[in-house]
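1. next comes the sequence, and after it the predicted model I'd like to discuss.
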Amino acid sequence: GQQVMQIPQYQHVQEGEDFTTYCNSSTTLSNIQWYKQRPGGHPVFLIQLVKSGEVKKQKRLTFQFGEAKKNSSLHITATQTTDVGTYFCAGPSTGNQFYFGTGTSLTVIP
Amino acid sequence: NAGVMQNPRHLVRRRGQEARLRCSPMKGHSHVYWYRQLPEEGLKFMVYLQKENIIDESGMPKERFSAEFPKEGPSILRIQQVVRGDSAAYFCASSPKEGEKLFFGSGTQLSVL
């Protein structure tokens, strides 16, 4: 079955440092979505990427979809304590519903 | 426009009892998804429903678990004869169309004693 893996599983950074999480799928994806879950909270949609090689930016966040549409990355520049949480990528299955990646938990040390 | 509403927020059951988790999707959303999350783990897909239809239940255990999304009323995830291993957070999400972004509820934390 479809597998969506993320690395790293955990990341601790000093406030102001950059952070990157990588998402890899065992199958080609029609599109990929990214979500953020704060501690004790629920996942919140961040962005969707559809095109091969697509890059999108949201303030300090940069999202990239690989050329082969099997991988994606999220990069945060100059992290802040408000960035703390777990970041999930999610990709559609053949049934067009979304399987979530394993997640990367980000801790920002002030 | 109210978000996705889940209740109860916390549910405590003894082994062998039944658990019923409710999810009211956002207004205008006819697609509902249920996910299960253990502490420090990811979101495990359970079931995908549209109004009155189960579209994909490949992530749901064959025994003791069932889900429905009736024409009127909320979607229900039902767990019969709960066991300690069922303890987890159960999240519901809805979307207006298949493949579009998901809006999540606050989840139900199920604790089985």
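-> Everything's here; your move.
2. tell me what the most centrally placed residue in chain B is bridged to.
-> Nearest to the mean C-alpha position of chain B, counting by C-alpha atoms, centre = their mean, stands residue B:34 at 3.8 Å. Counting by DSSP bridges, residue B:34 is bridged to residue B:47, residue B:92.
3. what's the answer for residue B:21, then?
-> Beta-bridge partners of residue B:21, as defined by DSSP bridges: residue B:77.
4. ok, the residue nearest to the centre of chain B to residue A:45 distance?
-> According to C-beta to C-beta, to the nearest Å, residue B:34 and residue A:45 sit 17 Å apart. All C-beta spots, glycine's among them, are computed from the backbone N, C-alpha and C.
5. for residue A:24, same thing?
-> Distance from residue A:24 to residue A:45, by C-beta to C-beta: 21 Å.
6. residue B:59 too?
-> For residue B:59, the distance to residue A:45 - C-beta to C-beta - is 20 Å.
7. also residue B:71?
-> 27 Å.
8. neighbour count for these two, which is higher?
-> Ranked by neighbour count (other C-beta atoms under 10 Å in any protein chain shown), residue B:71 and residue A:45 place residue A:45 first, with 17 against 6.
9. next, residue B:84: phi, psi?
-> The phi/psi pair for residue B:84 (degrees, to the nearest 10) reads phi -60, psi -30.
10. what residues does the nearest residue to it once chain neighbours are set aside make contact with?
-> The spatially closest residue to residue B:84, leaving aside those adjacent along the chain, is residue B:112, at 5.0 Å (C-beta to C-beta, 6 or more residues apart in numbering or on different chains). Going by C-beta atoms under 8 Å, 6 or more residues apart in numbering or on different chains, residue B:112 touches B:12, B:13, B:14, B:15, B:19, B:82, B:83, B:84, B:85, B:86, B:87.
11. write the PyMOL selection for whichever of those residues are buried.
-> Those of the contacts of residue B:112 that count as buried under 16 or more other C-beta atoms under 10 Å in any protein chain shown are selected in PyMOL with:
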select buried, chain B and resi 13+19+82+86+87
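12. state the pair within the contacts of residue B:112 that is farthest apart.
-> B:12 and B:85 (15.5 Å; C-beta to C-beta).
13. a strand runs through residue B:111, doesn't it?
-> Yes: looking at residue B:111 with DSSP: H, G, I helix; E, B strand; the rest coil, it is inside a strand.
14. which residues touch it?
-> Here residue B:111 is in contact with B:10, B:11, B:12, B:13, B:87 (criterion: C-beta under 8 Å, 6+ apart).
15. the nearest residue to residue A:8 once chain neighbours are set aside: neighbour count?
-> Closest residue to residue A:8 apart from its sequence neighbours, by C-beta to C-beta, 6+ apart: residue A:104 at 6.0 Å. By other C-beta under 10 Å, 22 other residues sit near residue A:104.
16. pretty sure residue A:104 contacts residue A:5?
-> No: here residue A:104 does not reach residue A:5: they are 10.6 Å apart, not a contact under C-beta atoms under 8 Å.
17. show me what the host helix or strand of residue A:108 packs onto, helices and strands only.
-> Taking DSSP states H and E as the definition, one finds residue A:108 inside strand A:104-109. Applying 3 or more C-beta pairs under 8 Å, 6 or more residues apart in numbering or on different chains; DSSP states H and E, one finds that strand A:104-109 makes contact with strand A:10-14, strand A:19-25, strand A:85-92.
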